[in-house]
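Novice: Requesting a structural model of the entry that follows:
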Amino acid sequence: MGGDYDSDIEITEADAKYCLDTTQNFITLTENYLKTQGFFMNIRIGQGYDVHQLGEGYDLWLGGVKIPHTVGSVGHSDADVLLHAICDALLGAAAMGDIGKHFKNTDPRWKGIDSKILLKIVVEMLEKEGYKIGNIDSTVCLQEPKISKYIPEMINAIAEVTGLTENCISIKATTTEEMGFVGRKEGLDAHAIALIYK
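Specialist: Okay, the predicted model is just below:
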């Protein structure tokens, strides 16, 4: 009949410990396997924003590429608004503060520096904490010039610094339909989102 059992069978303390150890070993092996398959990762997302004035006598750097234009970004470094937004997104994802915390605009070391160097330092900071970058998505807002033809070069520059493949980097560009400081050509800004994991 269902439910019958042999009452002469005894479970010793050693038997119980063996079952417990075997179960725990199975759980550990399963967890380790799932980790190798990409499960149980520490995934984080960060958002970055930066803005710069435009002025005569300055170069216009975007995404590590020098864009020909009559005015450029005003700033302590090369004022690359896109790379600065990406740096902030990466730092924010790792809860490491922002670009102003690590690269103060009062520090002469960063005067006129290529922002690709700043991005490289940020990537190394993440690597030191065990993080890898999953992907980067970004948008540049400026009234002029049109920058779509430079986007592949920007993606290539960012890929070289971050180690990402180009299909993991997205750069979009838009105007503000002549509204606000961007529309008045007084400045430009950039937004970025980054995913990191370990």
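Novice: Below-threshold pLDDT in this protein: ranges please.
Specialist: 1-9, 11, 15-16, 18, 20-21, 31, 33-35, 37-40 (pLDDT under 70).
Novice: One more pass at 90, please.
Specialist: 1-42, 72, 75-77, 99-113, 198 (pLDDT under 90).
Novice: quick one: the helices in it?
Specialist: Along the chain, counting by DSSP state H, helices occupy 13-36, 81-93, 99-102, 115-128, 151-162, 180-183.
Novice: Nearest to residue 58 among those would be which one?
Specialist: Nearest to residue 58 among these is helix 81-93 (12.0 Å), distances taken as CB to CB. Glycine gets a C-beta too; all of them are placed from N, C-alpha and C.
Novice: that older thread, now the helices of the chain in CSV, with distance to residue 57 and mean neighbour count?
Specialist: Putting these into CSV (distance: least, CB to CB, whole Å; neighbours: other CB atoms under 10 Å) gives the following:
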stretch, distance to residue 57, mean neighbour count
helix 13-36, 53, 10
helix 81-93, 17, 27
helix 99-102, 24, 16
helix 115-128, 19, 18
helix 151-162, 23, 18
helix 180-183, 19, 16
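Novice: Could you point out which of these sits nearest residue 49?
Specialist: Residue 49 lies closest to helix 81-93 among the helices of the chain, at 5.8 Å (CB to CB).
Novice: Go through the helices of the chain and name the closest to residue 171.
Specialist: helix 151-162 (5.0 Å).
Novice: Quick check, residue 156 in contact with residue 166.
Specialist: Yes. The pair formed by residue 156 and residue 166 meets the contact definition of CB atoms under 8 Å, at 6.6 Å.
Novice: rewinding a little: would JSON lines of the helices of the chain with distance to residue 55 be doable?
Specialist: Output for those, formatted as JSON lines (distance: least, CB to CB, whole Å):
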{"stretch": "helix 13-36", "distance to residue 55": "51"}
{"stretch": "helix 81-93", "distance to residue 55": "13"}
{"stretch": "helix 99-102", "distance to residue 55": "20"}
{"stretch": "helix 115-128", "distance to residue 55": "17"}
{"stretch": "helix 151-162", "distance to residue 55": "22"}
{"stretch": "helix 180-183", "distance to residue 55": "13"}
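Novice: Neighbouring strands - and their directions - for the strand ranked longest in the chain?
Specialist: Assignment by DSSP state E gives strand 43-55 as the longest strand of the chain. Strand 43-55 pairs in its sheet with strand 72-73 (antiparallel), strand 187-197 (antiparallel), by DSSP bridges.
Novice: which of those strands is buried the deepest?
Specialist: Highest mean neighbour count among these (mean count of other CB atoms under 10 Å): strand 72-73, with a mean of 24.
Novice: which residues touch that strand?
Specialist: With contact meaning CB atoms under 8 Å, 6 or more residues apart in numbering, strand 72-73 is reached by 52-55, 57-61, 79-81, 188.
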